[in-house]
Each structure stands twice: as C-alpha cells, then as structure tokens.
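Q: Following is a predicted model, sequence given first.
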Amino acid sequence: MNVIKKILTNILIYGTEFIVIMLSVFPIVWVALSSFKTNAQILEGPFTLPTGITTAKEAYTYLFQKYDFFSYFGNSLLISLISTVISLICFAMAAYVLAKYEFPGRNLIFALFTITMLVPGHAKAQPIFSLINSMHLYDTKTGLILVYLGSGIAMSIFILKSAFMGVPKELDEAATIDGAGFFRTFFMINLPLAKSGLSTAGILMFLGNWNEYFYAALLTSSEKNRTLPVALQFFNQSLSYDYTKMFAALTLVVVPAIIVYCFAQEQVQESVAASGIKG
C-alpha cells in the first residue's frame, strides 16, 4: 500500500512539474520556432516544425537592416547595467547598516522599504513623470536610470539585508579590534561574503530593468533613447501582418534575458530561499 501511495505521489509531483514547465517554456519555444517559418506555414500549421532556416535568415536580416536594432539593444544594455551597478553599490551599504547596526527606527525603515513593494508601479507614474520633467531629464537615458534605481530599492534591500545577516558578527568585531573602520569592514569582509545575495539582487534588477516597458515608453520619445521593449511595440505595429518578422523581433528581445537567468538560476533560487528563512 505504501509503495502504491509513493508511486501515485511521484506521478502527481512529476506530472505537475511537467505541466508547469510546459506552460512556461512552450510559448517561448513556439515563438522562436515560428520565426523560422513563413506566414503561410504559421497560419496553416502553427504547431508544425520549421523546414529550413532561409526564412529566419531573411527575417532577422530585415530587422537589423530596416531597424536600428543594435542601437535599441545598446540602450537597454547600457541603462540596465548602469542602474544595476549603482543600485548594488548604494543599496548594499544601506542593507549592511540595517542588518548589522542597532539604532532607533531601524525596523520601521526596513518595513517602509518593504511596503513600497506593494505599491503598483503605475500608481507612481504621475509624480515620477512630473519630477523627471522638472529636472529636464525627459527623453534621456539618465532619467530612465534614475527611475530604475528607485524602482529596485525595496527588493534589493530585502535580499541584501538577509545576505549580510548571514555574515557572522564575530568577523565584524574582529575587524574592529584590528583597527578596521566602517568602509574597510564593509568592502573587505562583508561584501565578499555576501556575493550570493549581491548576484541575486543584481540579476533580478538587471532582468527587471531589461524587460521594463511602461516607464521606458512614458519617459522617452526619440529613437536614440528607445529601449528594446518599447521598440518591440513599434515592431508589432508595423509588422502586425508579418508574423515571421514579428516573432523574430520577440525572440531577439526575450533570449538575452533567458540566457542571463539560465547561467545564474541556482544562485537566485538559493538566495531567495535564504532570504525567506533569515528575513
């Protein structure tokens, strides 16, 4: 009876995992494969396999020749990287103080940071737009970088605080006895030992900034500052009846983020799990 129960449990677990994986992966694979098929093949047999690469070659070549795709890619990469790096430096120090120092209002400050995660991004659109506009940063990369810096603060501090709490306080005390100051203790001891949390926060921020559409569309208007998600909207409008090129554009936008996550998925999962245990 126990053997049958174990078999049924395994079937339920693995069956559920298979369904979840298929629901998550299938749309992405289908879009990528559809970029290798002609419009007629997509309409006649949407779930059939492509028969060659000639159609895909023409579609991808068209995107790079017709549209300044490298420029959009570069804008997204530059904005995402700069905002992520600056965020890690600033937020890591804030999380370190919240994790290691006792002072009045510490828990309140952390709670306020956490509560901001519950506020919808669209609800902050009007004040953010007014602020960026008054700073004369509308339609600039700097304006987007500042917005992305602010949008990632709650999640980053939540993850990084847990990472620094995992570093033994005895190491800090030993460093203080040896004459190390605040910055030396932070950069030489705590930061290297919290690298898993830093990696996780950095990857999640980068992916969030890479895929962000709303503020990129709200705060930019010219092609020179347009990011990939916004450019994709223009692709969809101009290629609405050319499914092959539209799916090729979708693939180019989605694949880089998937590659980044695949290389770091274990660290992300372990760090998020640790955040839930320690936080």
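A: In hand now; what should we look at?
Q: Low-confidence stretches in the stretch 151-279 of the chain?
A: Confidence mapping of the stretch 151-279 of the chain against pLDDT under 70 gives the ranges 236-240, 264-279.
Q: pretty sure residue 211 is in contact with residue 256, am I right?
A: No - using C-beta atoms under 8 Å, residue 211 is not in contact with residue 256, being 10.1 Å away. Yep, even glycine has a C-beta here, placed from its N, CA and C like the rest.
Q: Relative to residue 252, how far out is the residue nearest to residue 188 when sequence neighbours are not counted?
A: Nearest non-adjacent residue to residue 188, counting by C-beta to C-beta, 6 or more residues apart in numbering: residue 180, 7.1 Å away. Here the criterion is C-beta to C-beta, to the nearest Å. By it, residue 180 lies 48 Å from residue 252.
Q: So which of these two has more stuff around it?
A: When neighbours are counted by other C-beta atoms under 10 Å, residue 252 comes out ahead of the other of residue 180 and residue 252, with 21 against 16.
Q: need the helices for the stretch 151-279 of the chain, in chain order.
A: Listed in chain order, the helices of the stretch 151-279 of the chain (DSSP state H, counting those that start in this stretch) span 153-165, 169-177, 182-184, 191-193, 195-211, 214-218, 228-238, 243-278.
Q: If we go by neighbour counts, what in the fifth one is buried?
A: Going by neighbour count (16 or more other C-beta atoms under 10 Å), the buried part of helix 195-211 is 196-211.
Q: now the fourth one
A: Residues of helix 191-193 classed as buried by neighbour count (16+ other C-beta under 10 Å): residue 191.
Q: Tell me the gap between it and the middle of its chain.
A: Distance, stretch centre to chain centre, for helix 191-193: 22 Å (C-alpha atoms, centre = their mean, to the nearest Å).
Q: And stretch 252-268, by the same measure?
A: 9 Å.
Q: can you list contacts of that stretch?
A: With contact meaning C-beta atoms under 8 Å, 6 or more residues apart in numbering, stretch 252-268 is reached by 28, 31-32, 60, 63, 69, 73, 196, 199-200, 203-204, 206-207, 210-211, 228-229, 232.
Q: again, only using 7 Å
A: The contact list for stretch 252-268 (C-beta atoms under 7 Å, 6 or more residues apart in numbering) reads 28, 63, 196, 199-200, 203-204, 206-207, 210-211, 228-229, 232.
Q: Those residues: which two are farthest apart?
A: Farthest apart among the contacts of stretch 252-268 by C-beta to C-beta are 63 and 196. That separation is 37.2 Å.
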